[in-house]
Each structure stands twice: as structure tokens, then as C-alpha cells.
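> here is my input, please return the structure:
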Amino acid sequence: MSAYLNTRVSLYAANLWQAADFDALLRVPDAEMADTLAEHGLPQLAAGFNAPEHAGQANDPLSLEQRIIAQTLDETRVLIRPLNGAARAFLIYWTARFEVTNLKTLLRGKMTGERPAALLTRLTPMGSFGRLDNQELAHAEDVGELLRRLEAGPYAGIVRQARRAFEQSHDPFNLDAALDRAYYEGLAQRARGLEDCAGAGFRGLLGNLIDRINLVWLLRYRFNYNLPPAQVYFLLVGAHYSLTGARLRNLAALGSLEAVLAELPREWRARLASASDIPGVFAIMERAAAEHALKLLRSSAPAISRAFAYLILRERDLRAVRAVLRGRHLGLAGADIRLALQRAPLEVM
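This next block holds a predicted model:
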């Protein structure tokens with residue numbers, strides 16, 4: 001099992017993009033774009049790319065975002081083939097965040113009275129990873145019926161918390177926030193069962209992810225949305241990493257971004273010393289996660305750790321490819337697209 005998975009991860013890792021690859025992508029003629037994407041191991045994106053002169057003649061109805069998710073699912077499907085038990089369950093659950101997004105789309109559609117046929121076109125196909133009956137759910141009478149059906153389905157644990165939040169306020173924001181929190185708490189719970197066999201590198205990767213989510217959410221909820229500290233703390237992910245529950249409670253009570261950053265653990269204080277806003281905090285923490293993932297990918301860590309590290313790096317690449325393709329479609333200057341990428345070379349000790 002480990003030999004197959006390690007070999008497959010190493011083969012996939014050869015398709016990770018370098019800074020020069022993105023610069024080259026900016027200069028590729030439209031007529032050569034599909035071939036370029038396919039050569040970089042992105043058949044899903046290549047199949048859906050249309051040069052402007054062929055607009056409207058696509059056979060692939062998926063959006064760019066949906067094709068990126070399809071590419072991620074295709075590669076995850078290959079990586080889980082040799083896995084069983086907790087490792088397989090973890091990577092499958094990692095893909096479930098895309099279906100949680102579908103779940104949010106269904107709920108918002110019911111809130112606004114969107115017709116089922118239109119609603120279904122906006123859902124991302126999940127293939128063999130799909131667990132929701134989208135046809136049935138799209139035809140639910142209203143939000144209440146949809147929540148009842150969801151609570152009887154595979155995401156009952158996630159939806160139960162969200163339903164309670166919605167019944168208290170009928171606020172779509174609280175509903176979305178509760179769904180996100182419940183999903184990531186489920187991810188952290190599944191990771192615990194792997195930490196002994198997957199090693200410290202895996203725990204560090206998960207810890208960085210959950211800490212980053214909690215810190216960025218805390219800053220947004222507190223200073224962008226002006227939510228009270230108690231509500232902010234309630235909406236954060238319960239976990240056991242550097243930002244513990246007690247520390248998050250204290251951070252949520254502080255009155256400014258600068259005060260929060262000053263009370264972080266020493267390692268994060270040093271990393272975030274140059275951050276002046278919330279996007280800057282996210283970018284620095286996301287970059288640190290990518291550096292850790294690349295170090296793990298190049299190591300002799302357990303196969304499941306290397307596989308998860310690869311998936312994190314691959315999605316980072318795909319977001320950057322999406323930015324280039326969207327920028328080109330909008331006619332943005334190459335310098336503006338490069339600025340949006342903000343991808344300095346990763347540094348791995």
C-alpha cells in the first residue's frame with residue numbers, strides 16, 4: 001500500500017507548478033492553451049478551455065471552478081485506491097467540503113425561492129464522492145423541509161448544528177458559519193485517529209490549517225463584521241492545536257487586529273510581524289502551510305502524510321491557474337495578474 005501511494009504521490013508531485021510556469025502561462029496563445037494545460041497534468045481544465053473564437057461551442061457545461069474541483073476529485077480518487085480505514089476516511093472527508101458548498105447553495109436557493117432546475121445547474125458534480133441526492137433536495141418545499149431531509153442524511157452531524165443556528169436567527173450568515181465550523185471540527189476529529197501513524201508532520205499540517213482558519217475567521221468576525229466576542233468564539237472550530245479554546249476566547253475579547261497579533265504564540269508573532277491587515281495574515285499563514293507541505297512532500301514521511309501534503313499544494317496551484325485564466329478572460333494586464341498571484345518561491349529548510 002505505502003509503496004504504491006508513495007510512487008503515485010511522487011508522480012503527481014512532478015506536475016506541481018513553479019513560478020516560471022505561471023509566467024509562461026500568461027504568454028501562451030489561446031489556440032495553444034488546451035495543450036499547455038494538458039501537458040501540465042490538468043486534463044479537466046484543458047477539456048473545458050475555449051478560445052474566444054469558439055465561445056458558445058463548448059461541449060463541457062462546467063464552470064472553471066467546477067472543473068478545478070473535478071481535477072482535484074480525479075486525483076484524490078487515484079490516491080485513495082490503496083487506502084483503507086482511517087486514512088481513506090480522512091481523504092474522502094477532505095473532499096466533502098465541496099459537497100458542503102453544494103449544501104449551502106441548496107439552502108440559499110430555497111431561501112430565495114430559486115427554481116429547482118436553475119438551482120441544480122449551480123451545483124458542483126461530485127461523481128463517486130457525492131453523497132447527497134441533489135434532485136430530491138432541490139425539490140424540497142422550503143428551507144425547513146430541506147434541513148429536515150439533510151438532517152436525516154449523511155451530513156446529519158454538520159446540519160444539526162446549522163439548523164439550530166438558523167432557527168435562532170434565520171440569518172444566512174449564521175447558517176453558513178455553523179456549517180463551516182461543523183465541517184472543520186469533523187475534519188479535526190478524523191485527523192486525531194491518524195496522528196499516531198501519520199507522524200508529527202501530518203499533525204503540523206492539520207494544525208496550521210485549523211489555526212489559520214480560526215485566526216482569520218476570528219479577525220473577520222470581530223473586526224469586519226463587528227460581532228461580539230462571545231458570538232465570535234462560538235463560531236470558531238474547536239480543536240487541540242496551537243490556538244486552544246482558552247487562547248481563542250482571550251483573543252476574541254481583544255479590541256484590534258494589532259492586539260490580537262501581539263498575543264499569538266511566539267512563532268506566529270514572528271511570522272506575522274509584517275502583516276497589517278486580514279488578507280496579509282491569511283497570505284502569510286497560507287504560505288507557511290505550503291512551505292511545511294512541500295517539506296513533508298520531499299521527506300520520507302508516511303505515505304498518507306505525503307498524499308495530504310500533495311493535495312494541499314495541488315489546490316494552491318489550481319487556485320493560481322484559475323487566477324491566470326480568469327485574468328486573461330477579463331483582459332487584465334499580465335503585471336496585474338502577477339500581482340494577484342502573490343506567489344514568491346517557497347522556502348523549505
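
> contact partners for Ala198?
Ala87, Ala301, Pro302, Ile304, Ser305 (CB atoms under 8 Å, 6 or more residues apart in numbering). Every C-beta, even on glycine, is put in place using the N, C-alpha and C of the backbone.

> for those, which two are the farthest from each other?
Ala87 and Ala301 (13.0 Å; CB to CB).

> the host helix or strand of Asp211: what's the following helix or strand?
Using DSSP states H and E, Asp211 maps to helix 200-219. Heading C-terminal from helix 200-219, the first helix or strand you meet, by DSSP H and E, is helix 229-234.

> what about that following helix, average pLDDT?
Regarding helix 229-234, the rounded mean pLDDT is 95.

> for that helix, packing partners?
On a contact count with 3 or more CB pairs under 8 Å, 6 or more residues apart in numbering; DSSP states H and E, helix 229-234 meets helix 245-252.

> phi and psi next, for Ser299.
phi -100, psi -180 (degrees, to the nearest 10).

> now it: closest residue in space, sequence neighbours ignored.
Nearest residue to Ser299, sequence neighbours excluded (CB to CB, 6 or more residues apart in numbering): Gly201, at 6.8 Å.

> ok so, going back, let me have the contacts of Ala198 in a markdown table, adding distance to Ala335, neighbour count and secondary structure as columns.
As requested, these are exported to a markdown table (distance: CB to CB, whole Å; neighbours: other CB atoms under 10 Å; DSSP: H, G, I helix; E, B strand; the rest coil):
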| residue | distance to Ala335 | neighbour count | secondary structure |
| --- | --- | --- | --- |
| Ala87 | 43 | 25 | helix |
| Ala301 | 38 | 21 | coil |
| Pro302 | 42 | 20 | coil |
| Ile304 | 41 | 25 | helix |
| Ser305 | 38 | 25 | helix |
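
> I'd like those residues as a markdown table, with pLDDT and distance to Ala34 appended.
Shown next, in a markdown table, are the contacts of Ala198 (pLDDT from 0 to 100; distance: CB to CB, whole Å):
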| residue | pLDDT | distance to Ala34 |
| --- | --- | --- |
| Ala87 | 95 | 35 |
| Ala301 | 93 | 35 |
| Pro302 | 94 | 37 |
| Ile304 | 95 | 34 |
| Ser305 | 96 | 34 |
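
> dump the residues you listed into TSV; add distance to Arg149 as well.
Below are the contacts of Ala198 laid out as TSV (distance: CB to CB, whole Å):
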residue	distance to Arg149
Ala87	31
Ala301	41
Pro302	39
Ile304	34
Ser305	37
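
> which one of the residues you listed is nearest Leu264?
For those, the nearest to Leu264 is Ser305 (25.6 Å; CB to CB).

> which residues touch that closest one?
Ala198, Gly199, Gly201, Phe202, Leu205, Leu296.

> tell me how far it lies from Leu150.
Taking CB to CB, to the nearest Å as the measure, Ser305 falls 33 Å from Leu150.

> cool, Asn84 as well?
Relative to Leu150, and taking CB to CB, Asn84 is found at 28 Å.

> no further questions, thank you.
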